[in-house]
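Q: Sequence first, predicted model second:
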Amino acid sequence: MSSRRRQTVAVIFGGRSVEHDVSIVTGHQIMQAFPAASYEVLPVFIARDGRWFTGEPLLNLQNFQDTDLIQRDGVQACLLSPDTRHHGLIINPLAPRFSKSVIKRIDVVFPALHGSHGEDGSLQGLLELADIPYVGCATLGSALANDKIMTKMILRQAGLPVLDDYAFTRDQWLEEPDAIIAAICEEFEFPLFIKPATLGSSIGIGRADSAELLRASIDIAANFDRRILVEPAITGGIEINCSVIGYGQRYEASTLEQPLSWDDFLSYEDKYLRGSEGMKSAERLIPAPLNPELTEHIKQITVSAFKAVDGRGIARIDYLVRPDEDEVYLNEINTMPGSLAFYLWREDGYSRSDLVEKLVALALEAYAVKRRNIYDYQTNLVELASQRGLKGGKGKR
Amino acid sequence: MLHPVLISIWLIGVWLRIYQQAQFYQIEEYMSGRYLRWLLAERARALPARPLLAWLFGIVLCILLSEETAIQRSHLVLSIAAIIAILPPPRRETKKPLIITSRVKRLLVSSGLIALLVLTAAQTWLIVSAPADNIVTISASAAIGFVCFLLAPLWLVAGNALVQPLEAAIRRRYLTQAAAVLQQINPKVIGITGSYGKTTTKQFLRDILSARYHTYATPKSYNTLMGISLAINRDLADDFRAEYFISEMGAYVEGEIERICQLTPPDIAIITEIGPQHLERFGSLENIKNAKYELIKNLPPAGVAVFNWDNPYIREMADLGYPATRLTVSRELTIDQAKARDLTWIASDIEESLSGIAFRATRVSSGENTSISANIVGAHNITNLLLCIALAYHEGMPLRDIALRVRSLRPAESRLAPRTTPAGITIINDAYSANPAGVVSALKVLGMHDAGRRLLITPGMIELGELQESENRKLGLLAAKQATDIILIGRSQTAPILAALQSTTFDQDRVQVLDSLQDAVSWYQHNLQAGDAVLFLNDLPDTY
């Protein structure tokens, strides 16, 4: 038995994102995966409106059905301080009378946020400022993978297979919708998929068989993002997902799955809640029924793509595959996959606790690597400037 | 001589019953009159059979066994009888379990104490007046326990009365705090009232305005003075971003909206629909109208009011000429009619389908217009949207931004939201205070479903006062046209619907009257299949 003290892991979930609810589920799956003997789990819940909370009641998923949860005894406001010396949460920051704020030190942060303000590099930026190790992709990888337009640009550059697309902004759409429709119809044939650039799951995504539906779908997508892309819908293809973990030189791709949908497109609830309990056989095929060569090919693409976006920690990469033609198209990279793709890693011999511990280890490794960078570089510039005065003499009279 | 075990059992029983009854007291919003009326409406509630029988049986058994030497045995028999009597009734599925708020805690403590006091006082009196320890005194002791048990609702009511001064003080502090928060944040306040459509319109408006302004709306259907102040204290405090605050104002009596307006003085008012909702509590439609008009009266002269012109009562309000800026909307008038009557916005080219509504919204004075489509069903939502469009435009949002945002609106929770189960059955849920206008829309939506059977599950409409019977008759007649199968829940209040159905050619074999929602759900789960549709109309509270 290790004599090392228990590590404090802050699991951050909820968030200012349309995937708020899914994140609550993922967050709880992660918190439960940590063995209590070696980790102290600290729940950090970001409400829909962006307020931060921590406390015992947040450890129980049942409590999230209560709309007044944040007012319960034991739930306290908190914030993650960007000040490196705090190295953790400030609980009860604007302490009212008869209470005080305290600092709760954190060893490692496990972001379980999906989508905006969490999976997109923004939270990662805060954690970089705070100088706390954290699980998952860093700022750059998160931001790149979060944006489908950017992801595809990078992957094209890296020679990986992605579909062509037509990308534009909401302002362009509001200015000249007819020109955009014409350009899309010129370039592609129906059916088409319309996607907000940065949304995960299926929210805001539409499929159009006609110009009229295309307009309606773009209208909806434009409510969720400033950047929109349209791509051809591959007919006769199947969806294949593959997860990847790793950092530095060592990456590992998981068993492949083929998610099944009873409708021709996954509805939102489908994507996350299926397969959580005994539905495995009905909702997804694991391993996916592909020949060994194609399977291996997809695993290789998965690792290459994750490296290309400077990935670290974990991701689930989604593909469209036409097995008979050996065609593979990379669809998107989710740097915080729902349920952490536990169900895939189980096939590769990782238990839930193995997986979260592995990810924590990778976070600490990345943190150590970052230490090799020099951030403090002393010069006598300020001394000189104060002696000579600033250029232009603005500061001097 | 005291019988501590027996007395303790009854005391626990009293407490348990207080706890059980608190759920219903809470549903009746701590209104003692309403709660006691509910309680006395059915014998089983006021005088439950099992406790009565267990207690009587215990007493009879004691008398049969009565011998001077058997006092210990009597004690035992009566104690066992008491335990059987106080065992909580089997738990039914409850839609609204008791929510343990601070107020409920105070209520439980005070009524528990009153019960303890009464029981102890009565037992003490018994000992003092009849010191002999015999079958008579022990039976009397059990009788006191039983009566205290039966009277648990009374202790609850008394407990509530006892904490009233405290509750009032807490409420005052809460209101003062909320008023201070609102003053500090200083958003533009939009008040929404109406007999129905308030919550839906509020959520639409919040979502539309949010595309440009930081907008906060009271959650769910919080629409009472305390609900609104709770929302302000909990969610608006310290949020200096808020530019608009949307306050849904409900009313059961005149003066209620006036009080809410004092807490959240409106700059903008929206009146959605006026109809016989809660007629029972108001007395007359005239009273309802007066109550809703309180919102307009509380606007400053420079304020803005948005009226649903299609509703005759609201039209009268608009015609009163206050305030100067009045936005009126209609989905019934043509552009020429609207121009002649000086309306602000109209809807035309209305299309309705199972997937949503579409129409053209036109600003009457300038002719500026846009096509609007939303994935929201129900014709009444066209009016709700039009009210929001009129206001959002007035507040400076470009029409195209409004139209864009409307595309992504979703129906409010439990309000006419169709969804398909994995088994392929379409569920249309309108499980929230059904009202005459909503019922028409909802049944039309059901009627549009032409793939399979169309099942209506409803307990009918309530709280419509003298109009209740005729409105439910209308519901029956309409249902006969739109549904293929009908399940009525509860016999008494659905009688007018059944009568109406029997007067039509509707196949009577396809009408059933069941006792509970659970029965109805299990029926449809066993009898419907992929392609069929179910409409849930009005989910009654547990007290019905």
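A: Here it is on my side, so go on.
Q: distance of A:Asp147 from A:Glu128?
A: 19 Å (Cβ to Cβ, to the nearest Å). In this view, the C-beta of every residue, glycine as well, is placed from N, C-alpha and C.
Q: Settle it for me: which of these two has more neighbours?
A: Comparing A:Asp147 with A:Glu128 by other Cβ atoms under 10 Å in any protein chain shown, the one with more neighbours is A:Asp147, at 22 against 15.
Q: Now do the same for the more buried one: its pLDDT.
A: Note for A:Asp147: predicted pLDDT of 95.
Q: Distance check, it against A:Ile154.
A: Using Cβ to Cβ, A:Asp147 is found at 10 Å from A:Ile154.
Q: Quick check: B:Val377 touching B:Arg419?
A: No: between B:Val377 and B:Arg419 there is no contact under Cβ atoms under 8 Å: 11.3 Å.
Q: who's more crowded, those two?
A: B:Val377 (25 against 12).
Q: for the stretch 251-400 of chain B, what spans make up the strands?
A: Ranges of strands in the stretch 251-400 of chain B, per DSSP state E, counting those that start in this stretch, are B:268-271, B:304-308, B:325-330, B:345-353, B:356-363, B:369-374.
Q: need the next SSE after the helix or strand of chain B with the lowest mean pLDDT, C-terminal direction.
A: Every helix and strand in chain B was compared by mean pLDDT, DSSP states H and E; the lowest is strand B:417-420, with a mean of 76. Sequence-wise, the next helix or strand downstream of strand B:417-420 (DSSP states H and E) is strand B:426-430.
Q: list the helices and strands that following strand packs on?
A: Applying 3 or more Cβ pairs under 8 Å, 6 or more residues apart in numbering or on different chains; DSSP states H and E, one finds that strand B:426-430 contacts strand B:417-420, helix B:436-448, strand B:533-537.
Q: Which helix or strand contains A:Ala253?
A: strand A:250-259.
Q: Please identify the most buried of the strands of the stretch 251-400 of chain B.
A: Highest mean neighbour count among the strands of the stretch 251-400 of chain B (mean count of other Cβ atoms under 10 Å in any protein chain shown): strand B:268-271, with a mean of 28.
Q: Direction included, what does that one pair up with?
A: According to DSSP bridges, strand B:268-271 forms sheet pairs with strand B:188-193 (parallel), strand B:304-308 (parallel).
Q: Using JSON lines, please lay out the ones you listed together with distance to A:Arg97 and mean pLDDT.
A: Shown next, in JSON lines, are those (distance: least, Cβ to Cβ, whole Å; pLDDT from 0 to 100):
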{"stretch": "strand B:188-193", "distance to A:Arg97": "29", "mean pLDDT": "97"}
{"stretch": "strand B:304-308", "distance to A:Arg97": "40", "mean pLDDT": "98"}
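Q: want to throw those into JSON lines with distance to B:Leu53?
A: Below are those laid out as JSON lines (distance: least, Cβ to Cβ, whole Å):
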{"stretch": "strand B:188-193", "distance to B:Leu53": "50"}
{"stretch": "strand B:304-308", "distance to B:Leu53": "56"}
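Q: circling back to that earlier point, what's in contact with the least confident helix or strand of chain B?
A: B:Leu354, B:Val377, B:Arg410, B:Pro411, B:Thr426, B:Ile427, B:Ile428, B:Asn429, B:Val445, B:Ala533 (Cβ atoms under 8 Å, 6 or more residues apart in numbering or on different chains).
Q: Give the PyMOL command for selecting the buried subset of those.
A: Buried subset of the contacts of strand B:417-420, written as a PyMOL selection, criterion 16 or more other Cβ atoms under 10 Å in any protein chain shown:
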select buried, chain B and resi 354+377+411+426+428+429+445+533
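Q: Throw the contacts of strand B:417-420 into CSV and include pLDDT, thanks.
A: CSV is the format used below for the contacts of strand B:417-420 (pLDDT from 0 to 100):
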residue, pLDDT
B:Leu354, 82
B:Val377, 88
B:Arg410, 84
B:Pro411, 81
B:Thr426, 86
B:Ile427, 85
B:Ile428, 85
B:Asn429, 80
B:Val445, 86
B:Ala533, 90
